[in-house]
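Visitor: Show me the folded form of this:
(2 chains)
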Amino acid sequence: MPLGERRGCLMTRYIAVRVCKAILTVLFIWTLVFVLSRVTGDPVDWILSEGGSAEAIAQVRHNLGLDFPLWEQYFRAFGDILTGNAGDSYYYARPVSDLFGERFIATFTLGALVFLVTILIGIPLGVLAAVKHNTILDRLTMSISIAGYTIPNFVLGILLIMVFSLYIHVLPSGSYGTAAHYVLPVIAMSVGPTASVARLTRSSMLDVIGQDYLESVRAKGVNEWVVIYKHALRNSMIPVITILGAQLSTIIGGSVIIETVFAWPGIGSLIVSSARQRDFPVVQFGVMMICFSITLINLLVDLSYSILDPRIRVKS
Amino acid sequence: MIAMETILDVQDLQTYYRTGKQVVPAVDGVSFRLAKGEVLGIVGESGSGKSTVVRSIIRLLDKNTTRIENGRVLFRGKDLLKLSGRELRGIRGKSISMVFQNPLSSLNPVYTIGNQIQEAILTHESMSRAKARDRALHLLEQVEIPSPELRLDDYPHQLSGGMQQRVLIAMALACQPEIILADEPTTALDVTIQSQILELLSRIRDERNMSIILITHNMGVIAEMCDRMLVMYGGVVMEEGKCTDVFASPLHPYTLGLLASIPSLEEEKEELYAIPGQVPHFNAPVSSCRFCSRCDQVFTRCREEEPPFIQIGDGRFVRCWLYAQENETNNG
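Guide: This next block holds a predicted model:
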């Protein structure tokens, strides 16, 4: 087989294997969510909290589709989520998709901003620390970053609210609406990921910075900026992309907590309140949406390796 | 020989490494001239400073640990050691380019070889990408890479070691430099490929009347390729001369040792000769002959005073007290 064709074949297999793994992950999470939400108790107890006749209970169960055998519920509900028709919320008595649709923008814009800050500050900071290795600048950046990723984001969030909202009244403490509302939650959420991306970029760059090929690029008369940002950075990106994928997952998952701290009307706070109310359709749909996006991110991360480093295309 | 135009004039170059409080004189007062179209060999063991000499010429040194303390490197009358970063980048890869020892690790694994050759071109000349690609293709043809149009989009790991070295040479030739600095270009390759690469370099030199500084620890490579040679040890030049002269009548005990350690097919030797001991570490300033601890003809003066670089004949120099005495008696 010609080299190009063989490479194409390997690439197809590589993608197929990753996609299969992704599907297995989704099925596993679905099982977990389904079982766990039902273990917490019966939503009917909560809906008819005053108590009710056996008939009334049976009627509610029938209306909610809870009278089917468990295995049937398992497949039905999963099918519903896949087709995008996730049913109605028990509590709000409105379509789940509407509830999520209303809150999606708030969560998405917050997450996207946090991710952007992580990349645009974390990577250049790490590069700077690596290039200025062992100077004061390097040590300063790295000590700040240790502080940055050790502090939990909800603690930082509360501290920020205390300082900027309660003491000096410059920024709102919560809710959603204007650009000013974004400032504190974005800072609280992005400090941790930015710090770990900066640290990883630095150590990964340090591995690359002594490589012979950078000398040979310099010998061509290329300026130092291109040496670092074209040649060194791309070679050090694989571990960084991996951690970025993980950080994005943390951002998506972490929104559940931060949205509660900042009274942010997003998907995270919806899932938290619905879990308390055993609102199965909402919890299931919300968790599965998070699961799908994280699986997709991991899949993209895996595929990006072979784009970043051509040697991976042939090896795998 | 007709006096040839000097293209590079290195004067009293001193490059020191600093590790902690130690100062290591990697290059300690090296001077030489390179003529147009000449191949100058620099030979010596590992740690003799030969690589640091050529890297100092285009200042391709780690700024944190290495400093050029003294000296001048005159290229077309300009001192390269005094150029600004920007002016220096204009020289690197355009007028003076470099070929490295380990071809695979000297190519960036994540860019195609076409991309890397084009970068060498586009750094110094403004032209369209398509034109640069044509030039890259032409360069690959010149370094005798088979079916270059297919190779242009290959990544370095897809080529053999010999092909990778040809790519590095193509990259070095990209802007038609006047000088190529070749730092052990064949050390990492197997023997048959070595001779092909050396032939290629010779041919390019002949076609373009380029000058080459060839670093090696292999006396055979020097004999095959070079017009003149420097023998380096401990950061200084021990002997200098035309290759024919040095091979016919080596002067310095170190050169004799190097020549004796070449394996020979004619003589049946039980054991290969090796110069006893290892290259010692020096601290500046040095106040003895640097070779005295390993020399079989050592005497008192060698341990007390560093010998000067003594002229023996036309373009023939040696740094050894043995010849100083001779010189003095001759003069007296």
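
Visitor: switch to C-alpha atoms for all contacts and neighbour counts from now on
Guide: Noted.

Visitor: Measure how buried residue 92 is and give me the count.
Guide: Using chain A. 12 (other C-alpha atoms under 10 Å in any protein chain shown).

Visitor: The chain in question should be chain B.
Guide: 25.

Visitor: now do B:Leu181
Guide: For B:Leu181, the count of nearby residues is 24 (other C-alpha under 10 Å).

Visitor: strands paired with the one helix or strand it maps to, and their directions?
Guide: Remark: B:Leu181 resides in strand B:179-183, with elements defined by DSSP states H and E. Applying DSSP bridges, strand B:179-183 is found paired with strand B:96-99 (parallel), strand B:211-216 (parallel).

Visitor: so which of the ones you listed is the most packed in?
Guide: Most buried of these, by mean neighbour count (mean count of other C-alpha atoms under 10 Å in any protein chain shown): strand B:96-99, with a mean of 26.

Visitor: got the contact list for it?
Guide: Identification of contacts with strand B:96-99 by C-alpha atoms under 8 Å, 6 or more residues apart in numbering or on different chains yields A:216, A:219-220, B:58, B:168-169, B:172-173, B:177-183, B:185.

Visitor: could you give the mean pLDDT of that strand?
Guide: Strand B:96-99 shows a mean pLDDT of 96.

Visitor: Poorly predicted segments of the stretch 1-150 of chain B, please.
Guide: For the stretch 1-150 of chain B, the stretches flagged by pLDDT under 70 are B:1-3.

Visitor: Turn the strands paired with strand B:179-183 into CSV, including distance to A:Leu156.
Guide: CSV is the format used below for these (distance: least, C-alpha to C-alpha, whole Å):
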stretch, distance to A:Leu156
strand B:96-99, 53
strand B:211-216, 59
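
Visitor: what's near enough to touch the residue nearest to the spatial centre of chain A?
Guide: Centroid-nearest residue in chain A, with C-alpha atoms, centre = their mean: A:Ser249, separated by 2.4 Å. By C-alpha under 8 Å, 6+ apart, A:Ser249 lies in contact with A:Ile294, A:Ile297.

Visitor: Can you give me the distance of the closest residue to A:Asp207 other than its chain neighbours to chain B?
Guide: Closest residue in space to A:Asp207, ignoring its immediate chain neighbours: A:Ser236 at 7.7 Å, by C-alpha to C-alpha, 6 or more residues apart in numbering or on different chains. From A:Ser236 over to chain B the distance is 11 Å, taken as C-alpha to the nearest C-alpha, to the nearest Å.

Visitor: what about A:Ser236, neighbour count?
Guide: 23.

Visitor: give me every residue that touches it.
Guide: By C-alpha under 8 Å, 6+ apart, the contact list for A:Ser236 reads A:Thr201, A:Ser204, A:Met205, A:Asp207, A:Val208.

Visitor: Any quick ChimeraX command for the buried ones out of those?
Guide: Burial among the contacts of A:Ser236 is assessed by 16 or more other C-alpha atoms under 10 Å in any protein chain shown; the matching ChimeraX selection reads:
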select /A:201,204,205,208
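
Visitor: ok, of the contacts of A:Ser236, which one's closest to A:Asn153?
Guide: A:Thr201 (21.3 Å; C-alpha to C-alpha).

Visitor: tell me which element that closest one falls in.
Guide: Using DSSP H and E, A:Thr201 sits within helix A:179-209.

Visitor: who wins for most neighbours among the contacts of strand B:96-99?
Guide: B:Ala172 (31 neighbours).

Visitor: Hmm, B:Leu230 is touching B:Asp245, no?
Guide: No - contact criterion C-alpha atoms under 8 Å: B:Leu230 and B:Asp245 do not qualify, at 12.0 Å.

Visitor: The two - which one has more neighbours?
Guide: B:Leu230 (25 against 15).

Visitor: In whichever strand or helix holds that one, which residues are buried?
Guide: Using DSSP H and E, the element containing B:Leu230 is strand B:228-233. Of the residues in strand B:228-233, those buried by neighbour count under the rule 16+ other C-alpha under 10 Å are B:Arg228, B:Met229, B:Leu230, B:Val231, B:Met232, B:Tyr233.

Visitor: Specify the local secondary structure of the closest residue to the last one other than its chain neighbours.
Guide: Spelled out, that is B:Tyr233. Distances taken as C-alpha to C-alpha, 6+ apart put B:Ser48 closest to B:Tyr233, at 4.6 Å, once the chain neighbours are dropped. Recorded secondary structure, B:Ser48: coil (DSSP: H, G, I helix; E, B strand; the rest coil).

Visitor: thought B:Ser48 was touching B:Val24?
Guide: No - contact between B:Ser48 and B:Val24 fails when scored by C-alpha under 8 Å: they sit 11.6 Å apart.

Visitor: related to what we said a few turns ago, quick one, what contacts the residue nearest to B:Tyr233?
Guide: Counting by C-alpha under 8 Å, 6+ apart, B:Ser48 touches B:Ala26, B:Met232, B:Tyr233, B:Gly234, B:Gly235, B:Val236, B:Val279.

Visitor: could I get the residues you listed as TSV with distance to A:Trp46?
Guide: Putting the contacts of B:Ser48 into TSV (distance: C-alpha to C-alpha, whole Å) gives the following:
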residue	distance to A:Trp46
B:Ala26	82
B:Met232	90
B:Tyr233	89
B:Gly234	87
B:Gly235	86
B:Val236	90
B:Val279	85
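
Visitor: With respect to B:Leu81, which of these is nearest?
Guide: Taking C-alpha to C-alpha as the measure, B:Ala26 is the one of the contacts of B:Ser48 closest to B:Leu81, at 16.9 Å.

Visitor: Please report the distance of that closest one from B:Val53.
Guide: 9 Å (C-alpha to C-alpha, to the nearest Å).

Visitor: Can you find the residue of the stretch 101-250 of chain B that comes nearest to chain A?
Guide: The nearest approach of the stretch 101-250 of chain B to chain A comes at B:Ser106, 3.9 Å away (C-alpha to the nearest C-alpha).

Visitor: excluding its backbone neighbours, what's nearest that residue?
Guide: Here the residue nearest B:Ser106, using C-alpha to C-alpha, 6+ apart, is A:Tyr213, at 3.9 Å.

Visitor: okay, now the domains of chain A?
Guide: For chain A, automatic domain parsing gives the domain ranges A:1-91+A:281-316, A:103-276.

Visitor: mind putting these in a markdown table, mean pLDDT and distance to B:Cys292 included?
Guide: Converted to a markdown table, these look like this (pLDDT from 0 to 100; distance: least, C-alpha to C-alpha, whole Å):
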| stretch | mean pLDDT | distance to B:Cys292 |
| --- | --- | --- |
| domain A:1-91+A:281-316 | 82 | 50 |
| domain A:103-276 | 91 | 34 |
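
Visitor: What pLDDT does the model give B:Ala284?
Guide: 66.

Visitor: quick one, what contacts the closest residue to B:Glu304 other than its chain neighbours?
Guide: Counting by C-alpha to C-alpha, 6+ apart, the nearest residue to B:Glu304 once its immediate chain neighbours are dropped is B:Ser288, at 5.2 Å. Contact analysis of B:Ser288 by C-alpha under 8 Å, 6+ apart lists B:Cys302, B:Arg303, B:Glu304, B:Glu305, B:Glu306, B:Pro307.

Visitor: quick one: which helix or strand includes B:Ser288?
Guide: Using DSSP H and E, no helix or strand contains B:Ser288.

Visitor: B:Leu122 now?
Guide: helix B:113-124.

Visitor: Look up which residues are beta-bridged to the residue nearest the centre of chain B.
Guide: Centre of chain B computed as the mean C-alpha position; nearest residue by C-alpha atoms, centre = their mean is B:Ile215, 3.0 Å away. With DSSP bridges as the criterion, B:Ile215 is bridged to B:Ile42, B:Asp183.

Visitor: Equivalent analysis for B:Phe32, please.
Guide: Residues in beta-bridge contact with B:Phe32 (DSSP bridges): B:Val10.

Visitor: which residues of chain B fall in strands?
Guide: Listed in chain order, the strands of chain B (DSSP state E) span B:6-19, B:22-35, B:39-43, B:66-75, B:78-79, B:96-99, B:179-183, B:211-216, B:228-233, B:236-242, B:310-313, B:316-318.

Visitor: gap between the fifth one and the chain center?
Guide: In terms of C-alpha atoms, centre = their mean, to the nearest Å, the centre of strand B:78-79 is found 20 Å from the chain centre.
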